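**Q** Structure of the sequence below:
(chains A and B)
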Protein chains: 2
Amino acid sequence: MSLDPARLSFNEITADHLSLQAAVEACAASGIGWFGPWRHKLGPGAAERINAAGLRVSSLCRGGFFPATGAATRAERIKDNRLAVEQATELGTDVLVLVCGPAPDGDLEAARRQVLEGIETLLPHAAEHGVQLGIEPLHPMMIAERSVVVTLAQALDLAERFDPAGVGVVIDAYHVWWDPGLEAQTERAVGRILGYHVSDWLSPTPDVLAGRGMMGDGVIDLPRIRALVEAAGYDGPIEVEVINPALAELPTAELMSTVRERFERCC
Amino acid sequence: MSLDPARLSFNEITADHLSLQAAVEACAASGIGWFGPWRHKLGPGAAERINAAGLRVSSLCRGGFFPATGAATRAERIKDNRLAVEQATELGTDVLVLVCGPAPDGDLEAARRQVLEGIETLLPHAAEHGVQLGIEPLHPMMIAERSVVVTLAQALDLAERFDPAGVGVVIDAYHVWWDPGLEAQTERAVGRILGYHVSDWLSPTPDVLAGRGMMGDGVIDLPRIRALVEAAGYDGPIEVEVINPALAELPTAELMSTVRERFERCC
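**A** I've put the predicted structure just below:
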């Protein structure tokens, strides 16, 4: 059964080559109703631009990057995360996606403790603003550059230390599809899923960080994973997040129609 | 404390650009006592060449690749694995490393069942020959090309269905270092560890399948992982398995001395 296009949210990094204005116009022109902005593309009037295009914001990418060498740097990261919470509020979304950050010195366990401390420290500010923190486990191949949180089980271990009103998880099919524990962990995630992202796994994978494929071009059984996520109670927007610089070579209208068509047919 | 070079085994794929004869001569010349051959480099007289260089064989790479479309193809794979068992015996090693294989059609769970069936089918022949099957979990980024077995927990789930005399696991630091469950799973692996491999994780990683680094050039805390493996009772040879075509550009003597020096200092 094809997926309802009303659930499609366009994650901005899929068109990182476009300005925010061009991206929201392209979404509006192709009938996409949700948008997932990234902080590096925000600027004066960002919320107004998104609103003017008639889009709702599904989440803000991204907070996190908690581990760092030295208390001063870690405090700066918290300050930046507080700003991200405020930006989420301004954009009208109640979900801040956390990419938790790598280990600054190769000590994974110390970095994982700093992630927990970072979430604890940020949480009161987020709660005051009505923003939920969504811990996104990243694929283990991204551990050295992006995140020491690499499995859904680990993200849930972290989230479950807090009230579900404040902390949950964001599940991205690209990051979790390999996991033999995926079925058990999505069952466990009931009440904690704050977002679901899709793209596809190309074989061979051209790049560890930016080699994702458009849904349908790879090997992930996306309908199976969506069924698991839906069985766990998630029925919100689904963000299409295809990180691949090759997409910048497509005409914008073609990119958007491909996203929409693949979303309905392959996810 | 530096690592005893008597435990160093040179995994042949580290010098895939050399002939078997050149590789074993290079090992002998640099005082390396163990060798881990790959099947695609074997040929008439392989065992004699290795023996003549004074080397012992730590394991044979590789059996596995069980999942396939159609019973006939799966039966061919079993036949090839039976040959691998016989080759291991001929080479004088009692460990056949299993790289279990990818899913031929994207159905991970079906492929995982075929891995289990493959091991069950192969086991009597291996037992007759006194060869143990070592299930090697591969990094999750290799799932589409190499193995649906991607965590140590999953490899142990498989191994524990059989007698430890017949089936165990091979732990490669490169494949497991990211795993939040590594400590618990190595503890669980007591009596099951048939081999330990080292290389390093480069950041950025230049290639998903062949982008490994020499020990000390990357971010893995190798002494920590060796301590876990040793605490679980493994005190056998440690294979240096650095898969990276850039190594072919080094003069052989320099490659071997680097392997040896890094093994003693960084592992």
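**Q** got the residue ranges for the strands in chain A?
**A** Secondary structure of chain A, counting by DSSP state E: strands at A:8-11, A:34-36, A:56-57, A:60-64, A:95-99, A:132-135, A:167-172, A:193-198, A:238-240.
**Q** Using a markdown table, lay out those strands together with mean neighbour count.
**A** Glycine gets a C-beta too; all of them are placed from N, C-alpha and C. Shown next, in a markdown table, are the strands of chain A (neighbours: other CB atoms under 10 Å in any protein chain shown):
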| stretch | mean neighbour count |
| --- | --- |
| strand A:8-11 | 27 |
| strand A:34-36 | 25 |
| strand A:56-57 | 18 |
| strand A:60-64 | 27 |
| strand A:95-99 | 26 |
| strand A:132-135 | 26 |
| strand A:167-172 | 26 |
| strand A:193-198 | 26 |
| strand A:238-240 | 26 |
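**Q** Tabulate these in CSV, adding columns for mean pLDDT and distance to residue B:100.
**A** Putting these into CSV (pLDDT from 0 to 100; distance: least, CB to CB, whole Å) gives the following:
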stretch, mean pLDDT, distance to residue B:100
strand A:8-11, 98, 34
strand A:34-36, 98, 37
strand A:56-57, 98, 43
strand A:60-64, 98, 34
strand A:95-99, 98, 31
strand A:132-135, 98, 30
strand A:167-172, 98, 25
strand A:193-198, 98, 27
strand A:238-240, 98, 32
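**Q** who wins for proximity to residue B:62 among those strands?
**A** strand A:167-172 (31.6 Å; CB to CB).
**Q** any idea of the angle the closest one forms with strand A:60-64?
**A** On the basis of axes from the mean of the first three to the mean of the last three CA atoms, to 10 degrees, strand A:167-172 is oriented at 120 degrees to strand A:60-64.
**Q** Give me the nearest residue to residue A:35, chain neighbours excluded.
**A** Take residue A:35 and drop its neighbours on the chain: the residue closest to it by CB to CB, 6 or more residues apart in numbering or on different chains is residue A:55, 4.2 Å away.
**Q** Same check on residue A:159?
**A** The shortest distance from residue A:159 to any non-neighbouring residue, by CB to CB, 6+ apart, is to residue A:167 (4.7 Å).
**Q** Could you tell me the model confidence score at the residue nearest to residue A:35?
**A** pLDDT for residue A:55: 98.
**Q** residues contacting it?
**A** Residue A:55 is in contact with A:24, A:27-28, A:32-35, counting by CB atoms under 8 Å, 6 or more residues apart in numbering or on different chains.
**Q** Please produce TSV containing the strands of chain A, extended by distance to residue A:231.
**A** Listed next are these as TSV, based on distance: least, CB to CB, whole Å:
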stretch	distance to residue A:231
strand A:8-11	20
strand A:34-36	22
strand A:56-57	25
strand A:60-64	25
strand A:95-99	21
strand A:132-135	19
strand A:167-172	12
strand A:193-198	11
strand A:238-240	15
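**Q** residues from chain A in reach of chain B?
**A** Applying CB under 8 Å from any CB of the partner chain, one finds that chain A approaches chain B through A:103, A:106-108, A:112, A:139-141, A:143-145, A:150-151, A:153-154, A:177-181, A:201, A:203-205, A:208-209, A:219-221.
**Q** Just list the residues touching residue A:56, thanks.
**A** Going by CB under 8 Å, 6+ apart, residue A:56 touches A:33-35, A:92, A:237.
**Q** For the stretch 1-150 of chain A, which segments count as helices?
**A** A:20-29, A:46-52, A:71-91, A:108-128 (DSSP state H, counting those that start in this stretch).
**Q** now do the stretch 151-267 of chain A
**A** Using DSSP H, counting those that start in this stretch, helices in the stretch 151-267 of chain A cover A:152-159, A:173-176, A:182-188, A:222-231, A:252-266.
**Q** hmm, back to that, adding mean pLDDT and mean neighbour count, write the helices of the stretch 1-150 of chain A out as JSON lines.
**A** Below are the helices of the stretch 1-150 of chain A laid out as JSON lines (pLDDT from 0 to 100; neighbours: other CB atoms under 10 Å in any protein chain shown):
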{"stretch": "helix A:20-29", "mean pLDDT": "98", "mean neighbour count": "19"}
{"stretch": "helix A:46-52", "mean pLDDT": "98", "mean neighbour count": "17"}
{"stretch": "helix A:71-91", "mean pLDDT": "98", "mean neighbour count": "16"}
{"stretch": "helix A:108-128", "mean pLDDT": "98", "mean neighbour count": "18"}
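**Q** out of these, which comes closest to residue A:264?
**A** Nearest to residue A:264 among the helices of the stretch 1-150 of chain A is helix A:20-29 (15.4 Å), distances taken as CB to CB.
**Q** Report the distance from that closest one to the chain centre.
**A** When distances are taken as CA atoms, centre = their mean, to the nearest Å, helix A:20-29 is centred 19 Å away from the chain's centroid.
**Q** Restricting to C-alpha, output it in PDB.
**A** What follows is helix A:20-29, C-alpha atoms only, in PDB (Å, rounded to 0.1, in the frame of the first residue of the first chain):
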ATOM      1  CA  LEU A  20      16.200  28.000   2.800                       C
ATOM      2  CA  GLN A  21      13.900  30.200   0.700                       C
ATOM      3  CA  ALA A  22      14.400  28.100  -2.400                       C
ATOM      4  CA  ALA A  23      13.900  24.800  -0.400                       C
ATOM      5  CA  VAL A  24      10.600  25.900   1.100                       C
ATOM      6  CA  GLU A  25       9.300  27.200  -2.200                       C
ATOM      7  CA  ALA A  26      10.200  23.900  -3.800                       C
ATOM      8  CA  CYS A  27       8.400  22.000  -1.100                       C
ATOM      9  CA  ALA A  28       5.300  24.100  -1.500                       C
ATOM     10  CA  ALA A  29       5.400  23.800  -5.300                       C
END
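**Q** Also compute the angle for that helix relative to helix A:252-266, please.
**A** Going by the same axes, to 10 degrees, helix A:20-29 makes 50 degrees with helix A:252-266.
**Q** Name the surrounding residues that touch helix A:20-29.
**A** Against helix A:20-29 from outside (CB under 8 Å, 6+ apart): A:10, A:12, A:15, A:18, A:33, A:35, A:37, A:41-43, A:46, A:49-50, A:52-55, A:252-253, A:255-256.
**Q** cool, stretch A:258-267 as well?
**A** Residues outside stretch A:258-267 that contact it (CB under 8 Å, 6+ apart) are A:2-3, A:5, A:8, A:10, A:14, A:30-32, A:198, A:200, A:214-216, A:222-223, A:226, A:238, A:240, A:242, A:250.
**Q** distance between that stretch and the chain's centre?
**A** Put simply, stretch A:258-267 sits 18 Å off its chain's centre (CA atoms, centre = their mean).
**Q** So which bits of that stretch are buried?
**A** By 16 or more other CB atoms under 10 Å in any protein chain shown, the buried positions in stretch A:258-267 come out as A:258-260, A:262-264, A:266-267.
**Q** just curious, which of these is nearest to residue A:70?
**A** Using CB to CB, those come closest to residue A:70 at residue A:259, 41.5 Å.
**Q** Dump the helices of the stretch 151-267 of chain A to CSV, plus mean pLDDT.
**A** Formatted as CSV, the helices of the stretch 151-267 of chain A follow (pLDDT from 0 to 100):
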stretch, mean pLDDT
helix A:152-159, 98
helix A:173-176, 98
helix A:182-188, 98
helix A:222-231, 98
helix A:252-266, 98
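**Q** Pick out the residue closest to the middle of chain A.
**A** Geometric centre of chain A, nearest residue: residue A:97, 5.4 Å, by CA atoms, centre = their mean.
**Q** Switch the contacts of residue A:56 over to JSON lines; also include distance to residue A:130.
**A** Output for the contacts of residue A:56, formatted as JSON lines (distance: CB to CB, whole Å):
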{"residue": "A:33", "distance to residue A:130": "22"}
{"residue": "A:34", "distance to residue A:130": "19"}
{"residue": "A:35", "distance to residue A:130": "19"}
{"residue": "A:92", "distance to residue A:130": "11"}
{"residue": "A:237", "distance to residue A:130": "18"}
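**Q** Closest one of these to chain B?
**A** Nearest to chain B among the contacts of residue A:56 is residue A:237, at 25.5 Å by CB to the nearest CB.
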